[in-house]
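> Could you work out the structure for the sequence below:
(one chain, ligands or ions: 1)
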Amino acid sequence: MREAQRIANLPPYLFAEIDRKIAAKRAEGVDVISLGIGDPCEPTPRHIIDALCREANEPVNHRYPSYFGLPAFRQAIAGWYRKRFGLEFNSETEVLPLVGSKEGIAHIHIAYVDPGDVVLVPDPGYPVYHAGTILAGGISHFMPLTAENGYLPDLTAVPADIAARAKLMFLNYPNNPTAAVATAAFFEEVVAFAKEYGIVVAHDFPYSEITFDGYEAPSFLSTAGARDVGVEFHSLSKTYNMTGWRIGWVLGNPEVIEALGRVKSNIDSGIFNAIQKAGIVALEGPQDCVEDMKRIYLRRRDLVVRTLGELGIKVEPTRATIYIWFKVPPGHTSASFADLVLEKAGVVIPAGAAYGPSGEGYVRISLTVPDDRLKEALDRMAQTM
Ligand SMILES: *Cc1c(COP(=O)(O)O)cnc(C)c1O
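Numbering: from 1, shown residues only. Now for the predicted structure:
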C-alpha cells in the first residue's frame, strides 16, 4: 500500500497526540488533569437538549438533510447576526451551515487552493488552517503573531511575490491560542490588502460571545468592504457547549459561499435535521446560558492570572476566549516545560510551538475544566516550579 504524499506531509493532529499522552499517563495510574483542548466541561443547556430529544423522535428528521442546511436554520443564523451585529445577510446566498466549523475551514482550501498556491496562515494558529493547505497541495506562508505586534500579523512583512501567489488568508479574533483581540484599524488594513492582491479572507470567529470586562468582539464583516473579500466561520460549539454536536456555519461573500457549497455537496450530506432544529433553539432561545458560561470563564481566568502571577509569571487579564497564553519560565522551551508539567504534575498543557514556530517559548492553558480541578492543576504546577 502506498499512501498519498499529501498525507505523508501532514503533521500528526495536535490533540490526537495529546490524547495519546494522556492515555499513556493514565495507564500508569496518574490522575491526569488536562488543560489541553478547549472543550467545555459543562453540559449543553437543557432547553437545547430538550429540543434535540423532541426532534429526534420525528421521522421527518431521519432522512437526508439538505446539502445547504434547513432554510429555517439559515434564517436563524441571519437573524442572530442581525440582532448581534446589526448586519443583514441573505439566508439563501450568504449563509451555509457546516458540520462543525472545522469541516468548512478544512474544505475551503479545496475550493480556492491549487497545488503551489499560497495560503497566509497565522502563526501560532488553529492547526486546521495549515493542515487544509497541505491537503490541497498548497504552501502555507506563516504570519508571526508576537507579543510585540499585539498578536496581529504584520501584513507589510508579507513579501509582495508571496502576496501575489496567495489565494486565501486565515484570521481568528478573539484568537486561539493567544486570546488576543483585533482592532478595527487592523481589519481595515486586511480588507485593503485582500483587495490589492485578490485574496479571500476567512475570519474564524468561534469565540465572539466569550468576552469579559465589557469587551464586545467585532465581526470582521462589519468592516467596510469586508463582504467583498471575505467570509466568517462560526460555530455553536463554544458559545453553547455543543462541541460534540458538530454544527457551525460560514457566512459572507456569496461567491465564496457558493464555491464552498459546491465542494461540500459533493462530499457530505449536511447536518442531522434534529440538530439543526436544536440549533435554531440555541440561537433564538434564552441567552442567559451564555452569560452563565462567561461568568464561569471569568472566574477561572482570574484564578489562573492570579496564580501565575504568584509564581512570577505575569499575564495580562484576557478580554476574550477560554485560553490563557503565557511565557514559560526562563531556561525552558515550550516543549520542555509542557513535558515537565506532565511528568511532575500530571497536568497537560499544550506547548505553544505546536501551534506554529512563533509559539515557541509559550504554552496555553484552557479554562474548560471544573474550578476544583483547575485549582488542583495550578497547585501541582506550582510545586514543579
Ligand atoms: C474550536 C475552534 C474551532 C472549531 O469549532 P467546531 O465548530 O467545533 O469545528 C475552529 N476554530 C477555532 C479557532 C477554534 O478554537
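> The helix or strand hosting D292 vs the ligand: in contact?
Using DSSP states H and E, the element containing D292 is helix 288-310. No - Helix 288-310 does not reach the ligand (CB under 6 Å from any ligand atom); its nearest approach is 13.7 Å. All C-beta atoms are positioned from the backbone trio N, CA, C, and that covers glycine.
> got the contact list for the residue nearest in space to the middle of the chain?
With distances taken as CA atoms, centre = their mean, the chain has P206 as the residue nearest its mean C-alpha position (5.5 Å). P206 sits next to 101, 176, 233-235, 237-239, 248 when contact means CB atoms under 8 Å, 6 or more residues apart in numbering.
> before we move on, what SS does it have?
Following DSSP: H, G, I helix; E, B strand; the rest coil, P206 is assigned to coil.
> I'd like to know how far it sits from K238.
5 Å (CB to CB, to the nearest Å).
> now do G137
31 Å.
> who's more crowded, these two?
Between G137 and K238, K238 has the larger neighbour count (other CB atoms under 10 Å), namely 25 against 15.
> I'd assumed I322 was in contact with that one.
Yes - with contacts counted by CB atoms under 8 Å, K238 reaches I322, the gap being 6.8 Å.
> close to the ligand, is stretch 172-182?
Yes - on the criterion CB under 6 Å from any ligand atom, stretch 172-182 is in touch with the ligand at 172, 176.
> Kindly report the same for stretch 5-17.
No - residues of stretch 5-17 are not located near the ligand by CB under 6 Å from any ligand atom, the shortest gap being 10.3 Å.
> so where do the strands sit in this structure?
33-34, 95-98, 118-123, 139-144, 166-171, 200-204, 230-235, 248-252, 323-327, 347-348, 362-366 (DSSP state E).
> quick one: contacts of the last one?
By that I understand strand 362-366. 35-39, 124, 177, 304, 322-328, 334, 337-338, 349-353, 355.
> Drop anything exposed from those.
Buried by 16 or more other CB atoms under 10 Å: 35-36, 38-39, 124, 177, 304, 322-328, 334, 337-338, 349-353, 355, out of those.
> hmm, back to that, common neighbours of K238 and I322, please.
Contacts common to K238 and I322, judged by CB under 8 Å, 6+ apart, are 38, 40, 207, 210.
> The ligand next: which of those residues are close?
G38.
> among the shared contacts of K238 and I322, which two are most distant?
P40 and Y207 (11.9 Å; CB to CB).
> Find residues that contact each of those two.
What both P40 and Y207 touch, as defined by CB under 8 Å, 6+ apart, is the set 238, 322.
> Now G312, what are its backbone angles?
The phi/psi pair for G312 (degrees, to the nearest 10) reads phi 90, psi 10.
> show me what contacts it?
Here G312 is in contact with P329 (CB under 8 Å, 6+ apart).
> Pull up the residues of this structure that are close to the ligand.
So the chain meets the ligand at 38, 100-102, 126, 172, 176, 204, 206, 235, 237-238, 243, 248 (CB under 6 Å from any ligand atom).
> So in this structure, where's the weakest helix or strand by average pLDDT?
helix 14-27 (a mean of 84; mean pLDDT, DSSP states H and E).
> buried ones in it?
Result for helix 14-27 [16+ other CB under 10 Å]: buried residues 14-15, 18, 21-22, 25.
> Looking at those residues, which is nearest L283?
F15 (27.0 Å).
> Mean confidence (pLDDT) on stretch 361-380, please.
Across stretch 361-380, pLDDT averages out at 97.
> Start and end of that stretch, how far apart?
21 Å (CA to CA, to the nearest Å).
> likewise stretch 117-130?
Note: stretch 117-130 ends 13 Å apart using CA to CA.
> same deal with stretch 310-320?
22 Å.
> Start the count at 37 instead of 1 going forward.
I'll keep to 37 as the first residue from here, and by that count the last item is stretch 346-356.
> Contact partners for the nearest residue to E320 once chain neighbours are set aside?
Sequence neighbours aside, A112 is the residue nearest to E320 in space, at 5.7 Å (criterion: CB to CB, 6 or more residues apart in numbering). Taking CB under 8 Å, 6+ apart, we find A112 in contact with 315-316, 319-320.
> give me that answer again for 7 Å
By CB atoms under 7 Å, 6 or more residues apart in numbering, the residues touching A112 are 316, 319-320.
> Quick one: mark the members of those residues that sit in helices.
Those of these mapping onto helices are 316, 319-320, per DSSP state H.
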